[in-house]
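J.: Build me a model from this:
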Amino acid sequence: MPVLDREPPKALGLAKLPLPALKDTLDMYLRCMKHLLTEEQFNKTQHLVKEFGAPGGVGELLQSKLVERRESKANWVYDYWLNDMYLNNRLALPINSSPAMVFPQQSFRASIDSLRFAAHLISGILEYKTLLDTRALPVDCARGQLAGTPLCMDQYYRLFTSYRLPGPERDTLVAQESSVMPEPEHIIVACKNQFFVLDVVINFRRLNERDLLTQLEKIVKMADNEEELLPPIGLLTSDGRTEWAESRSVLMRESTNRDSLDMIERCLCLVCLDDASGPELSDSARAMLMLHGGGPAKNGGNRWYDKPMQFVVGADGCCGVVCEHSPFEGIVLVQCTEYLLKYMIGSPSKLVRAASVSELPAPRRLRWKCTPEIHKCLASSADTLKRLVRNLDINVHKFYEYGKEFIKKQKMSPDAYIQVALQLAYYRCHGRPVSTYESASIRRFQQGRVDNIRSATPEALAFVKAMTDGKLSTSDKEKMELLQGAINAQTKYMILAITGLAIDNHLLGLREIAHELKIEKPEIFNDEGYLISNQFVLSTSQVPTTVEMFCCYGPVVPNGYGACYNPQSEHIIFSVSSFHESSQTCSAEFVKCLVQGLLHMRDLCNNCNSKIMLTGNEQTLKWGKKGNAILEIHSLTYISVCL
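T.: Below you'll find the predicted structure:
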């Protein structure tokens, strides 16, 4: 299978990703880090930055090489970013890397109901795939200040055609090429840890919903045959990437296993028919089941984590999709899943009317030859997954006190406001600021993925200190000014990020081009300050939806939090994750501090707004002008700030 083409033809109307000036990035880096380091640490960092950026120094050499790279490539940072963010990462995909989208709880009264749901869902997937194949999917456009700017659509075309191949040191993102081999015309159905090939095109005709249901019924019956049961090979994909690469090389010794792996790696997607997992189906419980399947004892082996799209249909109505993140970002996942849910709501089930393909061949069970070595690998993978499951601490909270409409009425950006609230929550919990990641889309540019909005700004720190110092010395008016300052700083950095001028991708490019040129790693990248800057204790993203569902993912460091949020008109959905093994973190405590902060911020806004209204039209007008500018900026964030 060929490596994913990194240099497609230049997209019409899309500019190349800009390369920030070296001085601008180094100055911003120091500004971002000063309040996160001790005085001693910062003095050392400042010295190394000055040395790196000196005229005629190594920084200028590396910058000149990046300029050359930008000229020769569609996107100068894409390969570096993909390897650094995903493919070099050796951690297991579940929880650590793969996000999940949790669908509304379904009410299945009988086992056939879940299969009907799955058949309807598959019909929607095939409809969406047709849109992609015929290039009929409308081009996304930016909103807000640069409204109408087309956005790069490359990620959509990797939803059903790519695969993450494990490697001993680095994984590979691979893709089908229809010019070399026919497009895949099958999906893989996982049921009771067994894998089945479901052909969705037979005799050049796409199966209708009735046929899909018939085939799913056959698969369930085959999976129930205990004499045919095979070991849960899917567990191997939940292990660390190096361990899975080693297990896969053992599997590949047998031709039977090679054939089965080929069918999985070339399929459109997986549909995982899960057994019921227990009585508790709270939002938090469903989020956990989507992220890891409940471990080996439940549905943890009913997965193949290397595949980008795994649709989960639980017999207990727990449904959603878990994604391998390297091919695409959250906004692409949202657009696809919203299409599917709207399709299922708006397109009545066609189980009766449609004509059937006569004499459907039975779906095929994938076979595995398992040596004692493979059984040993499976036992090790099961232990790894058990530890992951025990370690995950997730808390999904629906905050109903207010939503984005209230924030907009304050003339503030909902995304920036929530980011400041997250800073306040962390500070309340831990008494210090930490390096924070908020993903921001750079799809305005060719092959654009994301850069980082560094939300832990000095202005946010000033606000949270004023809100938590326990003194009455700071007036509400001063706190409000500090909140406005924090939101303005957050918004300015967001604009830098989505216009390709933030610092993280640039620093990564400088580091990686030095490695490529076999130059000794510059001291700026060995510095404690740099290491702290990349320890994202707070990893956040806005994943807004227009239908009832929410996104969740795990922390990116052992002592960190993952904080995903979905602002709705009158409420906000938060999904906060951490690890039980860390004595420093607790998701429930973080949520408690977050709710407390959101309520205090609301009270502050209400108090100050009522005072402003009483001071006359002149001040109201000044507020309005300032607010309108912020509100205009906010409209960018719906599509630009995403997972």
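J.: buried sites along whichever strand or helix holds residue 385?
T.: Using DSSP states H and E, residue 385 sits in helix 372-391. For helix 372-391, the neighbour count (16 or more other Cβ atoms under 10 Å) marks 374, 377, 378, 380, 381, 382, 384, 385, 388, 389, 391 as buried. To be clear about C-beta, it is placed using only N, CA and C from the backbone, and glycine gets the same treatment.
J.: Now distance to residue 507 and pLDDT too, for those, in a markdown table please.
T.: Formatted as a markdown table, those follow (distance: Cβ to Cβ, whole Å; pLDDT from 0 to 100):
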| residue | distance to residue 507 | pLDDT |
| --- | --- | --- |
| 374 | 42 | 98 |
| 377 | 38 | 98 |
| 378 | 41 | 98 |
| 380 | 37 | 98 |
| 381 | 35 | 98 |
| 382 | 39 | 98 |
| 384 | 32 | 98 |
| 385 | 34 | 98 |
| 388 | 30 | 98 |
| 389 | 35 | 98 |
| 391 | 30 | 98 |
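J.: all strands of the stretch 451-600 of the chain, in order?
T.: With strands called from DSSP state E, counting those that start in this stretch, the stretch 451-600 of the chain shows them at 538-542, 550-552, 561-567, 572-579.
J.: Render the CA-only coordinates of the helix holding residue 385 in CSV, please.
T.: Extracted in CSV, the C-alpha atoms of helix 372-391 (Å, rounded to 0.1, in the frame of the first residue of the first chain):
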residue,chain,number,x,y,z
PRO,A,372,2.0,-19.2,21.0
GLU,A,373,4.0,-16.0,20.4
ILE,A,374,0.8,-14.3,19.2
HIS,A,375,-1.1,-15.5,22.3
LYS,A,376,1.7,-14.0,24.5
CYS,A,377,1.3,-10.7,22.6
LEU,A,378,-2.4,-10.8,23.1
ALA,A,379,-2.0,-11.3,26.9
SER,A,380,0.4,-8.4,27.0
SER,A,381,-1.9,-6.1,25.0
ALA,A,382,-4.9,-7.0,27.2
ASP,A,383,-2.8,-6.0,30.3
THR,A,384,-1.9,-2.7,28.7
LEU,A,385,-5.5,-1.9,27.9
LYS,A,386,-6.7,-2.9,31.4
ARG,A,387,-4.2,-0.4,32.8
LEU,A,388,-5.4,2.3,30.4
VAL,A,389,-9.0,1.7,31.3
ARG,A,390,-8.3,1.8,35.1
ASN,A,391,-6.3,5.0,34.7
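J.: quick revisit: distance to residue 80, mean neighbour count and mean pLDDT added to the strands of the stretch 451-600 of the chain, as CSV?
T.: CSV is the format used below for the strands of the stretch 451-600 of the chain (distance: least, Cβ to Cβ, whole Å; neighbours: other Cβ atoms under 10 Å; pLDDT from 0 to 100):
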stretch, distance to residue 80, mean neighbour count, mean pLDDT
strand 538-542, 20, 24, 97
strand 550-552, 26, 27, 98
strand 561-567, 24, 25, 98
strand 572-579, 27, 26, 98
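J.: mind listing what's buried in stretch 587-599?
T.: 587, 589, 590, 591, 592, 593, 594, 595, 597, 598.
J.: Could you do stretch 194-207 as well?
T.: Neighbour-count burial for stretch 194-207 [16+ other Cβ under 10 Å]: 194, 195, 196, 197, 198, 199, 200, 206, 207.
J.: The closest residue to residue 149 other than its chain neighbours and residue 553, how far apart?
T.: Leaving aside its sequence neighbours, residue 149 sits nearest to residue 142 (Cβ to Cβ, 6 or more residues apart in numbering; 4.2 Å). According to Cβ to Cβ, to the nearest Å, residue 142 and residue 553 sit 25 Å apart.
J.: could you dump the strands of the stretch 451-600 of the chain to CSV with distance to residue 175?
T.: Listed next are the strands of the stretch 451-600 of the chain as CSV, based on distance: least, Cβ to Cβ, whole Å:
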stretch, distance to residue 175
strand 538-542, 25
strand 550-552, 24
strand 561-567, 27
strand 572-579, 30
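J.: These: which one's closest to residue 454?
T.: Of all the strands of the stretch 451-600 of the chain, strand 538-542 sits nearest to residue 454, with 10.6 Å by Cβ to Cβ.
J.: ok, that closest one: who's next to it in the sheet?
T.: Strand 538-542 has its sheet partners listed here by DSSP bridges as strand 436-441 (parallel), strand 561-567 (parallel).
J.: Residue 243 contacts residue 384, doesn't it?
T.: Yes: if you go by Cβ atoms under 8 Å, residue 243 and residue 384 touch, sitting 7.5 Å apart.
J.: quick one on the thing from earlier: measure how buried the residue nearest to residue 149 is and give me the count.
T.: By the measure other Cβ atoms under 10 Å, the count of residues near residue 142 is 20.
J.: got it, and residue 224?
T.: There are 12 residues near residue 224, going by other Cβ under 10 Å.
J.: What of residue 531?
T.: Neighbours of residue 531 using other Cβ under 10 Å come to 11.
J.: What's the separation between it and residue 33?
T.: Look at residue 531 and residue 33: by Cβ to Cβ, they are 11 Å apart.
J.: Repeat that for residue 527.
T.: 10 Å.
J.: Mutual contacts of those two, please.
T.: By Cβ atoms under 8 Å, 6 or more residues apart in numbering, residue 527 and residue 33 have these common neighbours: residue 45.
J.: Between these two, point out the one with more neighbours.
T.: Taking neighbours as other Cβ under 10 Å, residue 527 and residue 33 compare with residue 33 leading, 23 against 20.
J.: In which helix or strand does the more buried one reside?
T.: Using DSSP H and E, residue 33 falls in helix 22-33.
J.: Specify the angle between that helix and strand 436-441 in degrees.
T.: Helix 22-33 runs at 140 degrees relative to strand 436-441, counting by axes from the mean of the first three to the mean of the last three Cα atoms, to 10 degrees.
J.: Name the next helix or strand downstream of helix 22-33, please.
T.: helix 39-52.
J.: Could you pull out the buried residues of that following helix?
T.: 41, 42, 44, 45, 46, 48, 49, 52.
J.: Closest one of the buried residues of stretch 194-207 to residue 452?
T.: residue 195 (37.4 Å).
J.: if you skip the residues just before and after it, what's nearest to that closest one?
T.: What sits nearest to residue 195 in space, not counting adjacent residues and going by Cβ to Cβ, 6+ apart, is residue 366, at 4.3 Å.
J.: Which one of the buried residues of stretch 194-207 is nearest to residue 449?
T.: Of the buried residues of stretch 194-207, the one sitting nearest to residue 449 (Cβ to Cβ) turns out to be residue 200, at 29.9 Å.
J.: Name all residues that make contact with that closest one.
T.: Contacts here follow Cβ under 8 Å, 6+ apart; on that basis residue 200 touches 122, 126, 185, 186, 187, 206, 207, 212, 268.
J.: now with 7 Å?
T.: 126, 185, 186, 187, 206, 207 (Cβ atoms under 7 Å, 6 or more residues apart in numbering).
J.: Which of those fall in helices?
T.: Judged by DSSP state H, these include residue 126 as members of helices.
J.: Check the contacts of residue 200 against residue 476 and report the nearest one.
T.: Closest to residue 476, out of all of the contacts of residue 200 and judged by Cβ to Cβ, is residue 126, at 56.6 Å.
J.: Residue 206 is in contact with the closest one, correct?
T.: Yes: between residue 126 and residue 206 there is a contact at 6.1 Å, judged by Cβ atoms under 7 Å.
J.: tell me the strands in the stretch 151-300 of the chain, going along the chain?
T.: 162-165, 172-175, 186-191, 194-199, 201-202, 205-206, 270-274.
J.: Contacts for the last one, please.
T.: What it means is strand 270-274. 118, 122, 187-191, 220, 299, 302-304, 307, 310-315.
J.: Now do the SS call for residue 96.
T.: Recorded secondary structure, residue 96: coil (DSSP: H, G, I helix; E, B strand; the rest coil).
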